[in-house]
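Novice: A structural model of the following input is requested.
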Amino acid sequence: MKLDKNAIYPHPIWGWTEDFIGEEPKVNLEITINDLDQEIVIRLSMENSNEDIEKLIESGCAKYQIVVECSKTFFSCKAQSDSLPLELRFPASSVYNTFICAASIVAVKKINGFPFQNVSDDYEGIVDFERGATVAFLEEKRVSLRAVNNSINLNNFISYVRKEGIDNFEYKFDGDKIQIGCPSNIYRAFENFDGEHPSLSNGLIVRDAFLQGVLNIKKAIYAEKDWCIFLKEFIQSLTDTNIDLDNDITPTYDEACDVADKLLSNPRENAIKEFSAQLNQEEYE
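Specialist: Numbers count the residues shown, from 1 in each chain. Next up is the predicted model:
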C-alpha cells in the first residue's frame, strides 16, 4: 500500500488524512508463527470504530482487508471480511526473511455520493469512492520473520570478513547483515576463538556490533536492511526503553548499550563467567 502523506486524495481516508472528525483508528495487528504447521497467522482487531465507515461496511460497500507482500519471493496474498477479528494464514516458507503486512478498509464496489456525517466541510457531506479505493488506513508493518519466530540466530544478522590493513575490528552496515571486519593477522585465530568461546565473542565483539547498529538505526539508508528491521522490532518489544522509533533523534550510547545487553542476554557478564571458567580449567591442567 503506497500512500503519500504529502498527496491530496479525492476522498477522505480514516487514519491517514485529517478529513475525518473524531479519534484515529486504534488497531491491534498480531503476527505469530504456528510452529506445528509452520504457518504464519496474522490477526486484525480494533478497539474503536467510525460510525460512517461502519455504515459503509454494513451496506456491503467496504470490507476490512489484510495484504501481505514479500519482495524477495514475489509472494502476495490477502484476506477480506465485513467483520472482525480478521485472520490471514499462509505458509512460512512463502516468504523469505522479511515481508510487508498492511491492514486497511477498502471499497469493494464503486460508491457514489455516500452521505458522510463526520468528514470536513470540504466534502459537504458527500463522498465518492472508486472500487478498490482505500477508505481507512489501519496499520502497515515490515515484519522480520526471525523476530516473529522469537529465535535469535546471530548468524542471520552478523557476518565476519578478513580485512587487510586494519588493527582493530571494524563494522559496516550497508548490507542485510552487520559486517564485522577482522584484522587479517588474527582472523584464523578469531575463527577458532569464536567457535570455542561464543560468550567471550558476544561480550567483546558482537555486543559492540549491535551497539553500533542501534546508534545507526535511524539512518534512512539502512531502513530496508534486515539487521535494521530486526533491531527495530526488538526495540519495539521492550517495555523499558526510552528509544522512540517515531522520531529522528539518535539513541544515546547508554540506550544502545542497554539494547545490545538485552538482545544478547547480559553478554559482558557471560563473558566474565566463561573467562573465569577457562582460567580455572587451565589452572588444574
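Novice: just checking, what packs against the helix or strand encompassing residue 161?
Specialist: Under the criterion of DSSP states H and E, residue 161 resides in strand 158-163. With contacts taken as 3 or more Cβ pairs under 8 Å, 6 or more residues apart in numbering; DSSP states H and E, strand 158-163 sits against strand 178-183, helix 187-196. (C-beta placed from N, C-alpha, C; glycine too.)
Novice: compare the mean pLDDT across those and name the weakest.
Specialist: Confidence, taken as mean pLDDT, is least for helix 187-196 of those (a mean of 59).
Novice: list the buried ones in the strand or helix carrying residue 255?
Specialist: Taking DSSP H and E as the criterion, residue 255 maps to helix 253-263. Under the neighbour-count criterion of 16 or more other Cβ atoms under 10 Å, helix 253-263 has 255-263 buried.
Novice: quick one: mean pLDDT for stretch 212-229?
Specialist: The average pLDDT within stretch 212-229 is 93.
Novice: buried residues in that stretch?
Specialist: Neighbour-count burial for stretch 212-229 flags 212-218, 222, 225-229 (criterion: 16+ other Cβ under 10 Å).
Novice: could you save those residues as JSON lines and add columns showing secondary structure?
Specialist: Formatted as JSON lines, the buried residues of stretch 212-229 follow (DSSP: H, G, I helix; E, B strand; the rest coil):
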{"residue": "212", "secondary structure": "helix"}
{"residue": "213", "secondary structure": "helix"}
{"residue": "214", "secondary structure": "helix"}
{"residue": "215", "secondary structure": "helix"}
{"residue": "216", "secondary structure": "coil"}
{"residue": "217", "secondary structure": "coil"}
{"residue": "218", "secondary structure": "coil"}
{"residue": "222", "secondary structure": "helix"}
{"residue": "225", "secondary structure": "coil"}
{"residue": "226", "secondary structure": "helix"}
{"residue": "227", "secondary structure": "helix"}
{"residue": "228", "secondary structure": "helix"}
{"residue": "229", "secondary structure": "helix"}
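Novice: how far is the helix holding residue 255 from where the chain is centred?
Specialist: Chain-centre distance of helix 253-263: 18 Å, with Cα atoms, centre = their mean, to the nearest Å.
Novice: now do the strands in the stretch 51-200 of the chain.
Specialist: Counting by DSSP state E, counting those that start in this stretch, the stretch 51-200 of the chain has these strands, from start to end: 62-70, 75-81, 86-91, 98-107, 111-115, 126-129, 134-144, 158-163, 170-172, 178-183.
Novice: tell me which of those lies nearest to residue 236.
Specialist: Among those, the nearest to residue 236 by Cβ to Cβ is strand 134-144 (9.7 Å).
Novice: surely residue 143 meets residue 230?
Specialist: No. Under the contact definition of Cβ atoms under 8 Å, residue 143 does not touch residue 230, with a separation of 10.2 Å.
Novice: elements contacting the helix holding residue 255?
Specialist: Against helix 253-263 (3+ Cβ pairs under 8 Å, 6+ apart) you get helix 207-215, helix 226-237, helix 267-284.
Novice: out of those, which one sits most buried?
Specialist: helix 207-215 (a mean of 22; mean count of other Cβ atoms under 10 Å).
Novice: what sits against residue 72?
Specialist: Residue 72 is in contact with 95-98, counting by Cβ atoms under 8 Å, 6 or more residues apart in numbering.
Novice: residue 135 versus the closest residue to residue 66 other than its chain neighbours, what's the distance?
Specialist: Distance criterion Cβ to Cβ, 6 or more residues apart in numbering; nearest residue to residue 66, sequence neighbours excluded, is residue 88 at 4.4 Å. Using Cβ to Cβ, to the nearest Å, residue 88 is found at 19 Å from residue 135.
Novice: over to residue 34?
Specialist: 31 Å.
Novice: more neighbours: which of these two?
Specialist: Just comparing residue 34 and residue 135: by other Cβ atoms under 10 Å the higher neighbour count belongs to residue 135, 28 against 11.
Novice: and the pLDDT for the more buried one?
Specialist: 94.
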